[in-house]
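S.K.: No letters, just coordinates:
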């Protein structure tokens, strides 16, 4: 009997190699090549030509002006925070990929959303490949969903799942998880690059052809990225990431990609005994409740998608040794080093022999440069041991020349701060509102052009 031909496939990029290598020749990742049986070339050609031909509809070449474009109709899930991340609700024929650490709440949130949609009169289907139907029923009871009418299918074979979707035609179907699904037409094991790629492609085509919204649950690697080939994120319409510490009661759902809405939109949830509940005022999570102002604390307004959030930046400057440490949590470490250099060169605040620790309260990650001004003011406050005034906020990007650059949508940031009762703000000059604007009543705004001016304003307020 002839030995089956084997190939080695990269779990990161999907590239193949005839022999095992320590480093993938395609993406240069280390120790990612996995041995699998090579597919026969003859049936593959026939399989693709027969399967995909029925889904491909003949169409003529048309101009964009002649195409009747209408906005996608959205169906709310009954969970406001989830709808915000999705762009208003689920879309007919849309494919959503949601990933996160084990036990963070992916299945819980999706089961709650399906129950809400089922109660609203929509047909739903929950396909589980990791748990039995009895386990899903027990979770439903714990969530308080007595008498839930959500249909459950415990199956991992792709062909049976597609047949069930064709027979039942639900409005939304959840596949939990895509790494457990396999196709009989491939010889590789479930979870391999080939199986994940092919199964996701078939489910995506089925969603587009039938109009069923399909939600794929994906595993993540130890680095936090979605497991499987990168093409998985390109095939789907929306990619959501579950963020947050499993030891904390708060979870963030972030949209990394969304063809039907804004990217980097976040939804904030609190884990309770009855499942995940949306948080209506997430700014309260990211603000410490100090009775009196403390040195090293500065509040900024960051934008997550379309939502302005107030986040407290905390800094601690302490005497260091010959090699002072620079540590940041929730902020870019390299940008922190750059800001310290700007602070020394243009404002005369030296931290070269000090340990500097910076933290964004609440576990939120801030990637936008609008946090620069708040970080520098918090560091200066901690170094001098003087607290910033009560009700103080600041935002703005700081350049290498010491200039304070404007932040996008500065008016919305200031309105959010005024709504929450803040009284003093230092902002870039380009973000200063017009005088006598009633939307900012009670908020004293100081517009600055350079970091030196910002520190002078702070000294004057103290």
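M.R.: Ah, there it is. These numbers were taken from a predicted model, which means no experiment stands behind them.
S.K.: Quick one: distance of the host helix or strand of residue 134 to the chain centre.
M.R.: Using DSSP states H and E, residue 134 sits within helix 133-142. Helix 133-142 sits 27 Å away from the centroid of its parent chain (C-alpha atoms, centre = their mean, to the nearest Å).
S.K.: Quick one: list the elements packing against the helix or strand that comes right after it.
M.R.: Following helix 133-142 in sequence order, the next helix or strand is strand 151-154 (DSSP H and E). Applying 3 or more C-beta pairs under 8 Å, 6 or more residues apart in numbering; DSSP states H and E, one finds that strand 151-154 makes contact with strand 124-128, helix 133-142, helix 158-168. All C-beta spots, glycine's among them, are computed from the backbone N, C-alpha and C.
S.K.: buried stuff in the second one?
M.R.: Judged by neighbour count (16 or more other C-beta atoms under 10 Å), helix 133-142 contains these buried residues: 136, 140.
S.K.: if we can go back for a sec, determine which of the helices and strands packed on strand 151-154 approaches residue 210 most closely.
M.R.: Counting by C-beta to C-beta, residue 210 lies closest to helix 158-168 out of the helices and strands packed on strand 151-154; the figure is 6.7 Å.
S.K.: Against which helices or strands is the closest one packed?
M.R.: Judged by 3+ C-beta pairs under 8 Å, 6+ apart, helix 158-168 is in contact with strand 124-128, strand 151-154, helix 193-210.
S.K.: partners of the next helix or strand after the longest one, with directions?
M.R.: By that I understand helix 193-210. Downstream of helix 193-210, the first helix or strand assigned by DSSP H and E is strand 213-218. The pairing partners recorded for strand 213-218 under DSSP bridges are strand 95-99 (parallel), strand 172-176 (parallel).
S.K.: Which one of these lies nearest to residue 380?
M.R.: Proximity of the strands paired with strand 213-218 to residue 380 was assessed by C-beta to C-beta; the nearest stretch is strand 95-99, lying at 39.3 Å.
S.K.: Look at the residue positioned nearest the centre of the chain and tell me its secondary structure.
M.R.: By C-alpha atoms, centre = their mean, the chain has its centre lying nearest to residue 254, at 2.6 Å. Put simply, residue 254 is strand when judged by DSSP: H, G, I helix; E, B strand; the rest coil.
S.K.: you'd agree it is up against residue 269?
M.R.: No. Here residue 254 does not reach residue 269: they are 11.7 Å apart, not a contact under C-beta atoms under 8 Å.
S.K.: about what we covered before: who wins for proximity to residue 458 among the helices and strands packed on strand 151-154?
M.R.: When the helices and strands packed on strand 151-154 are ranked by proximity to residue 458 (C-beta to C-beta), helix 133-142 comes first, at 50.7 Å.
S.K.: Helix, strand, or coil at residue 404?
M.R.: In the three-state summary, residue 404 is assigned as strand, counting by three-state DSSP.
S.K.: how about it, what does it touch?
M.R.: Contacts for residue 404 (C-beta atoms under 8 Å, 6 or more residues apart in numbering) come out as 373, 396, 397, 398, 428, 429, 448, 449, 450, 451, 453, 454.
S.K.: let's see 10 Å
M.R.: Going by C-beta atoms under 10 Å, 6 or more residues apart in numbering, residue 404 touches 372-373, 376, 394-398, 426-431, 447-454.
S.K.: Could you chop this structure up by domain?
M.R.: Following automatic domain parsing, one finds the domains of the chain at 1-38, 75-280, 284-461.
S.K.: Now render those domains as JSON lines, adding distance to residue 69 and mean pLDDT.
M.R.: Formatted as JSON lines, the domains of the chain follow (distance: least, C-beta to C-beta, whole Å; pLDDT from 0 to 100):
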{"stretch": "domain 1-38", "distance to residue 69": "34", "mean pLDDT": "80"}
{"stretch": "domain 75-280", "distance to residue 69": "13", "mean pLDDT": "91"}
{"stretch": "domain 284-461", "distance to residue 69": "22", "mean pLDDT": "91"}
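S.K.: Throw the ones you listed into a markdown table and include distance to residue 60, thanks.
M.R.: Listed next are the domains of the chain as a markdown table, based on distance: least, C-beta to C-beta, whole Å:
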| stretch | distance to residue 60 |
| --- | --- |
| domain 1-38 | 34 |
| domain 75-280 | 19 |
| domain 284-461 | 38 |
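S.K.: and of the helices and strands packed on strand 151-154, who's closest to residue 149?
M.R.: Closest approach to residue 149 among these (C-beta to C-beta): strand 124-128, 8.3 Å.
S.K.: Provide the strand pairings for the closest one, with the direction of each partner.
M.R.: strand 151-154 (parallel), strand 172-176 (parallel).
S.K.: hang on, the earlier thing: mutual contacts of residue 254 and residue 269, please.
M.R.: With C-beta under 10 Å, 6+ apart, residue 254 and residue 269 have common neighbours residue 242.
S.K.: so where do the helices sit in the stretch 251-400 of the chain?
M.R.: Secondary structure of the stretch 251-400 of the chain by DSSP state H, counting those that start in this stretch: the helices cover 333-347, 372-384.
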